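Asks: Need coordinates for the following:
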Amino acid sequence: MSIDRAVLAFAGTVILVSLALGLRVNPNWFWLTAFVGANLLQSSFTGFCPLAMILKKIGLKQGAAF
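Replies: Model (predicted):
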């Protein structure tokens with residue numbers, strides 16, 4: 001698995017989990033959804049993604065985006 005796919009999989013998982021928690025537990029979980037979305041948006045412009053840096057350090061191969 002490349003860093004690109006891992007970042008997208010992680011972001012998608014966090015978004016779906018936070019949406020479920022927001023609907024079932026407490027609406028404040030939607031802030032996590034907003035944070036992940038904002039981070040994806042800024043990384044599309046800047047190319048900077050903290051998760052990609054962590055995944056690179058643990059040995060995942062680089063993809064086209066990160």
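
Asks: what comes up buried for stretch 35-55?
Replies: Val36, Asn39, Ser43, Cys49, Leu51, Ala52, Leu55 (16 or more other C-beta atoms under 10 Å). Backbone N, C-alpha and C define where each C-beta goes, glycine included.

Asks: Make JSON lines from these and add pLDDT and secondary structure to it.
Replies: Listed next are the buried residues of stretch 35-55 as JSON lines, based on pLDDT from 0 to 100; DSSP: H, G, I helix; E, B strand; the rest coil:
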{"residue": "Val36", "pLDDT": "96", "secondary structure": "helix"}
{"residue": "Asn39", "pLDDT": "94", "secondary structure": "helix"}
{"residue": "Ser43", "pLDDT": "92", "secondary structure": "helix"}
{"residue": "Cys49", "pLDDT": "91", "secondary structure": "coil"}
{"residue": "Leu51", "pLDDT": "92", "secondary structure": "helix"}
{"residue": "Ala52", "pLDDT": "90", "secondary structure": "helix"}
{"residue": "Leu55", "pLDDT": "92", "secondary structure": "helix"}
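
Asks: Identify the farthest-apart pair in those residues.
Replies: Distance extremes for the buried residues of stretch 35-55: the farthest pair is Val36 and Leu55 at 15.6 Å, using C-beta to C-beta.

Asks: And the contacts of the least confident helix or strand in the chain by mean pLDDT?
Replies: Counting by mean pLDDT, DSSP states H and E, the weakest-scoring helix or strand in the chain turns out to be helix 50-57, with a mean of 92. Helix 50-57 has contacts (C-beta atoms under 8 Å, 6 or more residues apart in numbering) with Ile3, Ala6, Val7, Phe10, Ala11, Asn39, Ser43, Gln62, Phe66.
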